[in-house]
Each structure stands twice: as C-alpha cells, then as structure tokens.
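K.L.:
sequence and predicted model, in that order:
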Amino acid sequence: MTRRAESPGPAGEHDQPLLGAGRTADPSEPAARVAAVQIPLDHLFDDRPEEAALLLEPALILRQERRLAELKIRNGSVGTSGSGQQFFYHRGHRYGHVLDPRSGAPAEGVLSVTVLAPNAAEADALATAFFVMGVDVTRAFCESRRDLVAVFVLPGTRTGTVSLECVGEQEPLLVLDVWKDVYETAKDEQIRKIASNHLYQVKAAVDIAALKNAVFDFRARFGRNPMNLDQLVRAGLLRRVPRDFDEKEYVYDPGTGAVTTSVNPWKR
C-alpha cells in the first residue's frame with residue numbers, strides 16, 4: 001500500500017515572483033518547493049521519491065473539494081499555475097492575478113496549467129508562461145522540447161464544466177501515461193470520457209507507427225506486404241499484434257500496407 005504525506009505547511013512555502021506563482025513538486029527533494037499557493041493540493045508526495053503524486057484540481061471551480069484526477073510524476077517534476085485563489089471581481093467580471101505582458105491585462109481563457117518537466121524550477125516557470133500563452137502557442141513551443149508535457153484545464157462548453165487538453169505530442173508515451181492516470185483516477189464521467197478518447201487516439205498513434213515500421217521491414221525482407229498482421233509476429237518483427245484501447249483489431253490493407261483504426265476516436 002502506498003503511503004502519502006500531507007503537503008508542507010508555511011515552512012515549505014516560498015514566494016518566487018520571478019518564476020511566477022503556482023505549486024511545484026520535485027521528487028528529488030525532501031519537500032516540495034512551493035510558490036504562492038493558488039490551487040490546493042492536499043497530497044504532494046508518494047513515499048517513493050522517484051514517483052511523486054499530484055492531485056490536479058481545476059482552478060476556477062467554486063467547489064474546491066472537487067478533484068479532476070491524480071497524476072503520478074515519474075522521474076521528473078511538476079508545477080501548476082492558475083487563478084483559483086488569487087482573483088478579484090470588477091463590474092461583475094472575474095479577473096485572475098496572472099498578467100499577460102502583451103496586453104497588460106489578466107490572462108484569460110485557461111483555468112489552470114500543470115507542467116511536467118525535468119526539474120521544479122522549469123516546471124514552475126513554464127506553468128505560468130503556458131497559462132498566459134494558451135494551448136496553441138504552448139503546443140508550438142513543446143515541438144522543440146520532447147521532455148515537456150502540459151495539462152490544460154479549460155472552460156467546458158457548458159457553464160460549470162471543464163475540459164482537458166494535454167500538450168506534448170513529441171513524447172507520445174509520456175502523454176499516454178498522463179491520460180491513463182487521468183482516466184484511472186478521475187471521478188467525473190465527462191473527464192473520464194475525454195481521457196478515454198485521448199487514450200484511444202494516442203495509443204492508436206503509437207501502435208500504428210510500430211505496425212507500419214514492421215510492415216516496412218517485412219516488405220524489405222520478403223519483397224511483398226504481409227497478408228495479415230499475424231505474419232509480422234511469425235516473422236519475428238513483433239512480439240504480438242497490438243489492439244486498440246477498446247481491445248479491437250486495427251484495420252490492415254495488405255494491398256497498400258496501410259493500418260488504420262476501425263472507428264473515429266471521438267465517435268466511439
């Protein structure tokens with residue numbers, strides 16, 4: 001059974017305005033490095049230093065006890081930035097405390113960002129930067145940083161709901177772990193459905209890439225495409241034929257060597 005310790009109190013809190021406000025957890029350190037608190041995280045550390053655990057909360061939800069999911073941080077650090085506790089109202093509009101330097105106004109459109117990075121300093125700084133930059137600019141930034149993954153909590157299409165977006169397609173196996181953690185720990189069925197669709201999509205991309213490489217090697221060895229995917233196993237090119245997230249077979253065309261999914265992940 002895994003034991004978790006309570007997050008550090010005032011002694012473990014630091015104000016680091018140059019890096020931005022948020023929370024960071026570094027498995028290599030005995031206690032979390034914490035900036036100005038925005039999002040309550042009741043449990044920061046697993047008793048195994050190489051696998052810290054973070055409970056990810058939405059930043060703009062009034063019910064603070066509601067948790068979206070739990071992420072297990074493997075061989076890295078995590079930082080979260082948002083406006084869940086530091087904000088103000090002006091003429092009926094809610095403004096967070098994180099400013100967008102391009103406009104001088106509070107950043108809007110994102111509820112919170114959790115960044116997985118090699119160290120706590122980067123995770124802390126990038127969480128605030130990504131919060132301001134938004135999903136699209138963050139995705140472009142991460143194209144050159146394979147060691148980064150960012151989990152965005154965004155406003156949902158309906159009032160009172162949220163959506164999740166995971167940025168870090170350059171490292172699909174790490175993204176797969178993130179969506180798996182969300183799917184297995186989320187209590188909200190909407191969030192589980194979002195995670196399920198992303199899991200299907202990312203797993204299919206990883207599996208199909210491996211299958212296409214095996215088909216290419218088979219063709220180079222035998223001068224033709226395999227008649228079916230099982231021939232890849234018999235030729236020693238695969239240990240087994242993978243199935244999609246729903247345990248269904250992928251669609252294979254022996255004429256072209258193409259491999260596709262049987263359904264659209266967003267219409268399952």
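P.N.:
Yep, it's here. Numbering: from 1, shown residues only.

K.L.:
state the number of residues packed around the closest residue to R221 other than its chain neighbours.
P.N.:
Among residues not flanking R221 along the chain, A235 sits closest, at 7.1 Å (CB to CB, 6 or more residues apart in numbering). (Each C-beta comes from the backbone N, C-alpha and C, glycine too.) When neighbours are defined as other CB atoms under 10 Å, A235 has 14 of them.

K.L.:
which residues touch A235?
P.N.:
218, 221-222, 226 (CB atoms under 8 Å, 6 or more residues apart in numbering).

K.L.:
now, of the residues you listed, which are buried?
P.N.:
Burial of the contacts of A235 was assessed by neighbour count (16 or more other CB atoms under 10 Å); the buried members are 218, 226.

K.L.:
between the contacts of A235, which sits nearest K187?
P.N.:
For these, the minimum distance to K187 (CB to CB) is 43.5 Å, reached by P226.

K.L.:
helix/strand/coil for the closest one?
P.N.:
Per DSSP: H, G, I helix; E, B strand; the rest coil, the secondary structure class of P226 is coil.

K.L.:
one more: V137?
P.N.:
helix.

K.L.:
which pLDDT does the model give it?
P.N.:
You'll see V137 listed with a pLDDT of 94.

K.L.:
that one and R102: what is the separation?
P.N.:
According to CB to CB, to the nearest Å, V137 and R102 sit 11 Å apart.

K.L.:
give me the more crowded residue out of those two.
P.N.:
The neighbour count for V137 versus R102, taken as other CB under 10 Å, is higher for V137 (13 against 9).

K.L.:
where do the strands sit along the stretch 101-250 of the chain?
P.N.:
Secondary structure of the stretch 101-250 of the chain by DSSP state E, counting those that start in this stretch: the strands cover 112-117, 149-155, 162-167.

K.L.:
direction included, what does the second one pair up with?
P.N.:
Okay, so that is strand 149-155. strand 112-117 (antiparallel), strand 162-167 (antiparallel) (DSSP bridges).

K.L.:
where does the prediction get shaky in the protein?
P.N.:
1-67, 74, 160, 169-170, 266 (pLDDT under 70).

K.L.:
how is it partitioned into domains?
P.N.:
Domain ranges of the chain: 4-187, 200-267, per automatic domain parsing.

K.L.:
that older thread, which of the strands of the stretch 101-250 of the chain is buried the deepest?
P.N.:
strand 112-117 (a mean of 28; mean count of other CB atoms under 10 Å).

K.L.:
output that one as PDB, nothing but the C-alphas.
P.N.:
What follows is strand 112-117, C-alpha atoms only, in PDB (Å, rounded to 0.1, in the frame of the first residue of the first chain):
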ATOM      1  CA  SER A 112      -5.000  26.100 -14.900                       C
ATOM      2  CA  VAL A 113      -1.900  24.500 -16.400                       C
ATOM      3  CA  THR A 114       0.100  21.600 -14.900                       C
ATOM      4  CA  VAL A 115       3.600  21.100 -16.400                       C
ATOM      5  CA  LEU A 116       5.700  18.000 -16.200                       C
ATOM      6  CA  ALA A 117       9.400  19.000 -16.700                       C
END
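
K.L.:
for it, the distance to its chain's centre please.
P.N.:
8 Å (CA atoms, centre = their mean, to the nearest Å).

K.L.:
longest helix in the chain, please.
P.N.:
Longest helix in the chain, counting residues (DSSP state H): helix 189-222.

K.L.:
tell me the angle of it relative to strand 162-167?
P.N.:
Angle, helix 189-222 to strand 162-167, by axes from the mean of the first three to the mean of the last three CA atoms, to 10 degrees: 30 degrees.

K.L.:
which parts of helix 189-222 are buried?
P.N.:
191-192, 194-205, 207-208, 211, 214-215, 218.

K.L.:
packing partners for it?
P.N.:
With contacts defined as 3 or more CB pairs under 8 Å, 6 or more residues apart in numbering; DSSP states H and E, helix 189-222 has these neighbours: strand 162-167, helix 172-185, helix 230-234, strand 258-260.

K.L.:
and of those, who's closest to R146?
P.N.:
Going by CB to CB, the one of those nearest R146 is helix 172-185, 8.7 Å.

K.L.:
okay, buried residues for the closest one please.
P.N.:
174-183, 185.

K.L.:
now swap in stretch 68-85 and tell me
P.N.:
For stretch 68-85, using 16+ other CB under 10 Å, the buried residues are 68-69, 71-73, 76-84.
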